[in-house]
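A.B. asks: sequence? don't have it. structure:
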């Protein structure tokens, strides 16, 4: 496969001289690794390479910064001398980096095919249609806050910015729900039903007050009465990785090891979260395992690459994947060292490929929603202190 180049930026004449990804696929792993390091040395501080926690190890090895999507975007923006942000993650992450980045920074996604199935489960057209349906039946006469998970498109973040809503992460969902549940009559949460349901449950919202919105049905498959009565309207979306964990996985590991602790991400279904010992964001999972005593045993319900990395990092602790099958983010895995080497070599040659650029209007309103998240989170933290 030859990844598409940005023709406007490269120009037709240079297109013929551009490096082809198929040539990199023929190189050995050692040649690729050496090439990445040469390109990094040449580019110096002009480039920063970001590696998401779920990224494969042979890519993480070359990352300047590792973390979750929002954290990485913020850190990259702080590298003001970096002209190029190479995001080894998925498409919505690269969009967030462009929204939060400095005006002179260009964001590059090494493989344009690296998307997110969850983010794709809610398009802005579907969300706008749902919002209009709620308006038509009078639900929006109440105060309704649209809240989107970070794992969504820039267009949906902008929708929230235009309509008084906010973006949330799995780390700050609880404090943001606390604020919005006090100030609004109801919330419309997308695209991950499980994070929304699990967070709502922490505030005692019963399941009968949580309506599930199916974008392919009129009124999302609900009655007008159900939508008026709902405290929380959840979009029917989910993570293809965390959705693989089932209650029987928890039962199985406990039958095999009664003293094991089960630690899962809140993107898992409610039935799994309810019977687990602990649940929390990726950062929470990492910190919990890091601070656990030597000899402790953990069954972790999150992405495969992160769990394997924790196993290597803490050989004094027994860490296993909650499910026996491979719970790997396949789209994240699309970004290989070959893609990274190809993108960096083109930068060395003065060509920007696979640039992710959010248009100004979308960026403006998406930034409003993100800044609202930052301000509310900071206010909540200051109250605690």
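C.D. replies: Good, I have the coordinates. From a predicted model like this one, the values you see are computed outputs, not experimental measurements.
A.B. asks: count the neighbours of the residue lying closest to residue 304 once chain neighbours are set aside for me.
C.D. replies: Leaving aside its sequence neighbours, residue 304 sits nearest to residue 328 (C-beta to C-beta, 6 or more residues apart in numbering; 4.3 Å). Glycine gets a C-beta too; all of them are placed from N, C-alpha and C. For residue 328, the neighbour count with other C-beta atoms under 10 Å is 18.
A.B. asks: how about low-confidence regions in the stretch 251-385 of the chain?
C.D. replies: When residues are selected by pLDDT under 70, those of the stretch 251-385 of the chain lie in 380-385.
A.B. asks: what are the buried residues along stretch 167-178?
C.D. replies: Taking 16 or more other C-beta atoms under 10 Å as the basis for neighbour counts, the residues of stretch 167-178 that come out buried are 167-177.
A.B. asks: which of those residues lies closest to residue 240?
C.D. replies: When the buried residues of stretch 167-178 are ranked by distance to residue 240 (C-beta to C-beta), residue 170 comes first, at 16.0 Å.
A.B. asks: please list all residues in contact with the closest one.
C.D. replies: Listed by C-beta atoms under 8 Å, 6 or more residues apart in numbering, the contact set of residue 170 reads 149-150, 195, 265-267, 280-282.
A.B. asks: run the last query once more with 10 Å
C.D. replies: Under the criterion of C-beta atoms under 10 Å, 6 or more residues apart in numbering, the contact list for residue 170 reads 68, 70, 149-151, 192, 195, 198-199, 265-267, 279-285.
A.B. asks: how about residue 198?
C.D. replies: Applying C-beta under 10 Å, 6+ apart, one finds that residue 198 lies in contact with 170, 173-174, 192, 264-270, 272-274, 279.
A.B. asks: please indicate which of those are buried?
C.D. replies: Buried residues within the contacts of residue 198, counting neighbours by 16+ other C-beta under 10 Å: 170, 173-174, 192, 264-270, 272-273, 279.
A.B. asks: now, which of these lie within helices?
C.D. replies: Using DSSP state H to define helices, the subset of the buried ones among the contacts of residue 198 located there is 173-174, 270, 272-273.
A.B. asks: in the residues you listed, find the pair that's most separated.
C.D. replies: With distances taken as C-beta to C-beta, the most widely separated pair in these is 174 and 272, at 18.1 Å.
A.B. asks: need phi/psi at the closest residue to residue 344 other than its chain neighbours.
C.D. replies: Spatially, and ignoring its direct neighbours in sequence, residue 344 is nearest to residue 39 (3.7 Å; C-beta to C-beta, 6+ apart). Dihedral angles phi and psi of residue 39 (degrees, to the nearest 10) take the values phi -60, psi -40.
A.B. asks: quick one: residue 39 from residue 274, how far?
C.D. replies: Summarising the geometry, the distance separating residue 39 from residue 274, computed by C-beta to C-beta, to the nearest Å, is 48 Å.
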